[in-house]
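[1] Next come a sequence and a model predicted from it.
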Amino acid sequence: MNGRAIVVSIHDVSPRTREEVTRILGELDGVGIGRTSLLVVPDHHHAGNITGDASFCAWLREQVAAGHEAVLHGYAHTRKRRANEGALTRMVTRHYTADEGEFFDIGHDAARELLERGREDIARAAGVTPSGFIAPAWLLSAEGEEAARELGFAYTTRLKTVKALQTGRAHRSQSLCWSVRSGWRGALSVAWNDALYGALRGNALLRVSIHPPDISHAGIWRQIRELARRGIEDRAPLTYHGFVTGSAVFCE
C-alpha cells in the first residue's frame, strides 16, 4: 500500500441512528471496508443517553471487537443560540451546521466537563474508552482542543486536518462528505466530491465521512460506495486511531 491509507468514519452514531449505521456497516463491508471510526454521541440531541440503552451499548462493543473504533463526537451535538451573535457566527452555527456546532466557540472549562462526561459515559456503559475526539461538524474552538489534549485524547480532526494532540503533528487531508438537507445541496456535494477525490489521489490519507441519512439517498450512497471501493485499491483501510498511532510516516 506504500504507506497510503483510507479512513471511513460514520458520524452521529447513537441509539437513534443505530439501524442506519448497521446498514451502512454492512454495505461498506461488502466493498472491502471492514473497519471504520464510529463517532458516538452520548446524548444525541438530548433524546436519551446511551447509558440507558443496554442494547445499543452491547452493539457498540460488538463493533469495536470486530475492528471498528468508538470516537467521542461531542456530547449532545447541539449548540444553543445566543443573543447578539455576529453574522459570521450565525452563518456557521445556524446555516452551515443547523445549530449543531456544540464545540464551535466553547470555553475551556465547559469543554473539559463535556469531554470528561462523554468519555466516562461511553466507557461505563459500553466498556470501551474512546482515544479520539471529533467535534460535531468539525467545529472545535482552540480552548476545546486544549481541553481534549489535557485529558489525554490522542487525536482530533477538522474538515481539512487530522491532528495528533499529544505531539501537535498534523496531516492535511480534506474529508469527503455529503449534504442531504436539500436536493440542490445533494447534487452539488456529488459533483464536489467527484472533483475532490481526483484532487486527493496523491494524498497519503483519504478520508470518507458518512452521516446516517446518506444511505437513504441513492445517488449519494452510490458515489460513497464507489469511492470507498476505489479507495481501497491502493490504500489500507484504517481507523483514525490506527492512522494516528500506527506510523509516523503518515504525519507531516
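    Yep, it's here.
[2] going forward, measure contacts between C-alpha atoms and count neighbours the same way
    OK.
[3] residue boundaries of the strands in this protein?
    5-13, 37-40, 69-72, 155-157, 161-164, 170-172, 205-210, 236-238 (DSSP state E).
[4] which of those sits most buried?
    strand 69-72 (a mean of 28; mean count of other C-alpha atoms under 10 Å).
[5] Summarise which helices and strands it is packed against.
    strand 37-40, helix 54-65, helix 108-126 (3 or more C-alpha pairs under 8 Å, 6 or more residues apart in numbering; DSSP states H and E).
[6] Outside of that strand itself, list whatever touches it.
    Contacting residues not belonging to strand 69-72 are listed as 35-42, 60, 63-64, 115, 118-119, 128-134, 239, 241 [C-alpha atoms under 8 Å, 6 or more residues apart in numbering].
[7] mind putting the helices and strands packed on strand 69-72 in a markdown table, mean pLDDT included?
    Below are the helices and strands packed on strand 69-72 laid out as a markdown table (pLDDT from 0 to 100):
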| stretch | mean pLDDT |
| --- | --- |
| strand 37-40 | 98 |
| helix 54-65 | 98 |
| helix 108-126 | 97 |
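[8] Select, out of these, the one closest to residue 188.
    strand 37-40 (24.8 Å; C-alpha to C-alpha).
[9] Give me the sheet partners of that closest one and which way each runs.
    strand 5-13 (parallel), strand 69-72 (parallel) (DSSP bridges).
[10] contacts for the longest one?
    Pointing back at strand 5-13 there. By C-alpha under 8 Å, 6+ apart, the list of residues contacting strand 5-13 reads 21, 33, 35-41, 44, 73, 204-212, 228, 231-232, 235-240, 243.
[11] angle of that strand against helix 54-65?
    Angle of strand 5-13 versus helix 54-65, following axes from the mean of the first three to the mean of the last three C-alpha atoms, to 10 degrees, is 180 degrees.
[12] now strand 5-13 and strand 205-210, what's the angle there?
    20 degrees.
[13] Kindly export strand 5-13 (C-alpha atoms) in CSV.
    C-alpha atoms of strand 5-13 as CSV (Å, rounded to 0.1, in the frame of the first residue of the first chain):
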residue,chain,number,x,y,z
ALA,A,5,-4.5,4.8,4.0
ILE,A,6,-8.2,5.4,3.8
VAL,A,7,-10.3,6.2,6.9
VAL,A,8,-14.0,5.9,6.6
SER,A,9,-15.9,7.5,9.5
ILE,A,10,-19.6,7.3,10.4
HIS,A,11,-20.8,10.4,12.2
ASP,A,12,-23.7,10.8,14.7
VAL,A,13,-23.7,7.2,16.0
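[14] thinking again about what came up before, what's the most buried one of the helices and strands packed on strand 69-72?
    Taking mean count of other C-alpha under 10 Å, strand 37-40 is the most buried of these, at a mean of 26.
[15] How far off centre is that one?
    6 Å (C-alpha atoms, centre = their mean, to the nearest Å).
[16] ditto for stretch 210-226
    16 Å.
[17] swap in stretch 62-80?
    Chain-centre distance of stretch 62-80: 8 Å, with C-alpha atoms, centre = their mean.
[18] Please put the alpha-carbon coordinates of it into CSV.
    Extracted C-alpha coordinates of stretch 62-80, given in CSV (Å, rounded to 0.1, in the frame of the first residue of the first chain):
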residue,chain,number,x,y,z
GLU,A,62,-19.5,-5.9,19.2
GLN,A,63,-18.5,-3.3,16.6
VAL,A,64,-15.3,-2.5,18.4
ALA,A,65,-14.5,-6.2,18.9
ALA,A,66,-14.9,-6.6,15.1
GLY,A,67,-12.3,-3.9,14.4
HIS,A,68,-14.2,-0.6,14.4
GLU,A,69,-13.3,2.3,16.7
ALA,A,70,-15.5,4.3,19.0
VAL,A,71,-14.8,8.0,18.9
LEU,A,72,-16.3,10.7,21.2
HIS,A,73,-18.3,13.0,19.0
GLY,A,74,-19.5,15.8,21.2
TYR,A,75,-21.9,15.2,24.0
ALA,A,76,-25.4,16.2,22.8
HIS,A,77,-24.3,17.5,19.3
THR,A,78,-26.3,20.7,19.7
ARG,A,79,-25.5,24.4,20.4
LYS,A,80,-27.9,26.8,21.9
